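Engineer: Have a look; sequence and predicted model below, questions after that.
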Amino acid sequence: MADEPTNDRELTAEELHEIERKYDPELAFRTTGRSIALIVSVILVAMSAYHFYASGFGLVRELLHRGIHLSFVLGLVFLLFSWRRSTPQEPPAPAWYRPGGVPLLDMVFAIMAVGAALYLPLLPPQVVSIRVGNPSEMDVLMGTALLLLTLEATRRSVGPTLPIIALIFVAFAIFGPWAPGALKHGGASWEALINHLYMTNQGIYGIAIGVMAQYVFLFILFGVLATRIGLGQLFIDLAMVIAGRYAGGPAKVAIFSSAFMGTISGSSIANTVTTGALTIPAMKRVGYPAHFSGAVEATSSTGGQITPPILGAAAFIMVEYLEIPLRDILAAALFPALLHYFGIFIMVHLEARKLGLRGLAASELPKAGLVLRQHWLSVIPLFILVYLILSGKTPDYAAVYGIIACVVVGFLNPVNRLTLTDLWQALADGARNTLAVGAAAATVGVVVGVVTLTGVGFRLGYVVVQTATDMGGFLSALWPLSYFAIEQWALFVSLILIAIACIIMGAGIPTTATYIILVAVAAPALAVLNVEPLVAHFFVFYYGVLADITPPVALAAYAAAGIAGSNPFKTGNTAFRLGIAKALVPFVFVYSPALLLVTDGFTWASFTITLAGAMLGIGGLGVAFSGFLIAPLTRLERWAVALVSLLFIAPGLTTMAIGLVLWSPIALLQLQRRRETGNTAQ
């Protein structure tokens, strides 16, 4: 495939669906016959109806609710995901061992998974409480079956990486006496391990699957319905109106539309395909290189996972772990998300000026009045959702009434009217989109269960802190690095080590799964270094998200490359460069937690200084990586700007003043070069 093709046509819906299916393993569903498809559709709608009822109007005890959710997830995964990923256009030929395109063995697995997932929750609570710590042979058998089937379901729907990690943790729990150094522990028998992972709420039925069942399912369903009633189209049209006419307009449209879409969808790949279908061809038409066009869309779309009010599933996990209101989580996420988009905007703007790119003509832009008249009703459900969250209602309460508002608006809106067929399809699609993340959550429960059983989180935290302290002692002995104390270097090195671990773990693993695992094993290290819990959680989460645009497994960037027709690896590298702001922001709020608004010791003065310093640092990195301000920069100037920008990791009046002084000679050189070259780029 040519790296910079000239074809900039918009892809068809079928082509976009194939790209999404290719790069997002969570959507690689098998093709089935009509009878099986109908049965699966009925089960999916039943799953949506159950969750809506249980969260909005029912009263289901916790373990039973989690068990029912898990039984739906695992049973459907075995029906919808093949043993090996493939892209058949037609269902395989019918055979007695493969009715409707689904092998009989997969049907058996589905039935076994449903039985194993419901066995414990359907027992009387008093019986379960008696058996905890002393499981029967049937308990161990069912627990073993559920563990193995969960790992296989996760492998099919997410990929092999997460199940392999879970198996490593299981092996660590059993062979603890032979583990090296600080990781050594007493070990656990298979019966004790299954007891912990299956019979308690510290394993498969733990917080991760509970959050999926209680909150995440409803918010994913809300996002599907909101998109169906026209909210997604409104976001794209508004982005065109706001930014389309300026220099390099389509790239700025990509930023705004992805930011808007991020409020209702936390999927990087889905956002990339949805908005990129329009913005990537438009970027190429005005002159952006193909790889840059794809990178802009991919980087912007990953912001959806850090954009309130949904934040993928991480916001709800934080609510459970930290026991603070969702509105505080959303408030903390607001300005870091805005800084992410600000960093992309700076680089896109500078690239447009460097290349002399135009905006879109008036004839290519939608009319603001017409857009609002046609789609204003679709905003109502989002307003209701946000209002209920900010007023202190529980997330599931807000989601239920947001879904009701979507249905009501859909039936009343004459432009995007919702039919009963559309509603059925939306309920099925919403449930289908939760299967992979649900299976991953159950597997993450295995990892977290081993962590709580063995205490490995604190052991790894000790190893990280000790390694960072040793390196800090070495660095603090060197001039001029000796200006900083050993403790300061220990914190900095620990943050770098944890950030690298997050990016590596995030390669091919859903962001939420990465976040939960790293919180379990990295948060203790940050706690030892006196980092606030909320700050530690956000630090781990942000670097997990960065994996979606970090080669070699930059799935969002590869999906964008498929639309742009560009080299995937080059697109991924460019996306990482554009997303460098996201790599800087977590360090900023560790050193100055005021950026998160709701941390201890918050003041508006410290927040203002932090925000201004972060914007200067991000802007400086944008200039360095773009190689352009008002005129081209030399290689030496780019390195100088980048190094000075790192001062703003710890924003303050002193560092800001030093940074501006150090930047001033380069600014003067830029003015002189601009006069000499007569650069008139717009």
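Structural biologist: Yep, it's here. Residues are numbered from 1 along each chain as shown.

Engineer: where in the stretch 251-400 of the chain is pLDDT low?
Structural biologist: Applying pLDDT under 70 to the stretch 251-400 of the chain picks out residues 266, 312.

Engineer: Spit out the contact partners of P651.
Structural biologist: By C-beta atoms under 8 Å, 6 or more residues apart in numbering, the contact set of P651 is 588, 591-592, 609-610, 612-614, 617. In short, each C-beta sits where N, CA and C put it, glycine included.

Engineer: Would you mind measuring from it to V588?
Structural biologist: Separation of P651 from V588 (C-beta to C-beta, to the nearest Å): 6 Å.

Engineer: Give the residues shared as contacts by those two.
Structural biologist: Joint contacts of P651 and V588 (C-beta under 8 Å, 6+ apart) are 610, 613-614, 617.

Engineer: before we move on, the earlier item: now that we have the contacts of P651, can you turn them into TSV and tack on neighbour count?
Structural biologist: Putting the contacts of P651 into TSV (neighbours: other C-beta atoms under 10 Å) gives the following:
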residue	neighbour count
V588	26
Y591	22
S592	23
I609	18
T610	23
A612	14
G613	24
A614	26
G617	28
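
Engineer: so of the residues you listed, which ones are in strands?
Structural biologist: Nothing among those maps onto strands, per DSSP state E.

Engineer: Relative to H349, which of the shared contacts of P651 and V588 is nearest.
Structural biologist: G617 (16.9 Å; C-beta to C-beta).

Engineer: What sits closest to the closest one if chain neighbours are left out?
Structural biologist: F648 (2.8 Å; C-beta to C-beta, 6 or more residues apart in numbering).

Engineer: Over to Y288?
Structural biologist: Of all residues not flanking Y288 in the chain, A251 sits nearest, at 6.1 Å (C-beta to C-beta, 6+ apart).

Engineer: if you count residues, which helix in the protein comes out on top?
Structural biologist: The longest helix of the chain (DSSP state H) is helix 326-355.

Engineer: mind checking how far that one is from the chain centre?
Structural biologist: 16 Å (C-alpha atoms, centre = their mean, to the nearest Å).

Engineer: Now do the helix or strand just after that helix: distance to the chain's middle.
Structural biologist: For helix 326-355, the following helix or strand on the C-terminal side (DSSP states H and E) is helix 368-375. Distance, stretch centre to chain centre, for helix 368-375: 31 Å (C-alpha atoms, centre = their mean).

Engineer: ok, now stretch 247-263?
Structural biologist: Using C-alpha atoms, centre = their mean, the offset of stretch 247-263 from its chain centre is 18 Å.

Engineer: Extract the C-alpha set from it and format it as PDB.
Structural biologist: The C-alpha coordinates for stretch 247-263 follow below in PDB (Å, rounded to 0.1, in the frame of the first residue of the first chain):
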ATOM      1  CA  ALA A 247      -6.400  27.100   8.500                       C
ATOM      2  CA  GLY A 248      -6.100  23.400   8.300                       C
ATOM      3  CA  GLY A 249      -9.800  23.300   9.200                       C
ATOM      4  CA  PRO A 250     -10.600  19.600   8.800                       C
ATOM      5  CA  ALA A 251      -7.900  18.600  11.300                       C
ATOM      6  CA  LYS A 252      -9.400  21.000  13.800                       C
ATOM      7  CA  VAL A 253     -12.800  19.600  13.100                       C
ATOM      8  CA  ALA A 254     -11.400  16.200  13.900                       C
ATOM      9  CA  ILE A 255     -10.300  17.500  17.300                       C
ATOM     10  CA  PHE A 256     -13.600  19.100  18.200                       C
ATOM     11  CA  SER A 257     -15.800  16.300  16.900                       C
ATOM     12  CA  SER A 258     -13.700  13.700  18.700                       C
ATOM     13  CA  ALA A 259     -13.900  15.700  21.900                       C
ATOM     14  CA  PHE A 260     -17.700  15.900  21.600                       C
ATOM     15  CA  MET A 261     -18.000  12.300  20.700                       C
ATOM     16  CA  GLY A 262     -15.900  11.400  23.700                       C
ATOM     17  CA  THR A 263     -18.700  12.600  26.000                       C
END
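
Engineer: wait, what's in contact with G303?
Structural biologist: Contacts of G303 by C-beta under 8 Å, 6+ apart are 258-259, 262, 337, 340-341, 344, 582.

Engineer: which one of those has the most neighbours?
Structural biologist: S258 (32 neighbours; other C-beta atoms under 10 Å).

Engineer: Make TSV out of the contacts of G303 and add distance to Y321.
Structural biologist: Shown next, in TSV, are the contacts of G303 (distance: C-beta to C-beta, whole Å):
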residue	distance to Y321
S258	28
A259	26
G262	22
A337	20
H340	23
Y341	27
I344	29
K582	22
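
Engineer: From those residues, pick the one nearest W376.
Structural biologist: A259 (19.2 Å).

Engineer: Which residue is the nearest non-sequential neighbour of the closest one?
Structural biologist: Nearest one to A259, counting by C-beta to C-beta, 6+ apart, is Y341 at 5.2 Å.

Engineer: And that neighbour, how far from R358?
Structural biologist: Distance from Y341 to R358, by C-beta to C-beta: 22 Å.

Engineer: Quick one: list the elements packing against the longest helix of the chain.
Structural biologist: Counting by 3 or more C-beta pairs under 8 Å, 6 or more residues apart in numbering; DSSP states H and E, the packing neighbours recorded for helix 326-355 are helix 249-262, helix 290-302, helix 314-322, helix 380-390, helix 533-546, helix 568-578, helix 580-591, helix 604-626.

Engineer: Show me which residues of that helix are buried.
Structural biologist: Within helix 326-355, the residues scored as buried using 16 or more other C-beta atoms under 10 Å are 326-330, 332-355.

Engineer: ok, I229 - contacts?
Structural biologist: 377-378, 381, 406, 409-410, 413, 416, 418.

Engineer: With distance to L390 added, can I get those in JSON lines?
Structural biologist: Formatted as JSON lines, the contacts of I229 follow (distance: C-beta to C-beta, whole Å):
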{"residue": "L377", "distance to L390": "21"}
{"residue": "S378", "distance to L390": "20"}
{"residue": "P381", "distance to L390": "15"}
{"residue": "C406", "distance to L390": "19"}
{"residue": "V409", "distance to L390": "20"}
{"residue": "G410", "distance to L390": "24"}
{"residue": "N413", "distance to L390": "25"}
{"residue": "N416", "distance to L390": "27"}
{"residue": "L418", "distance to L390": "27"}
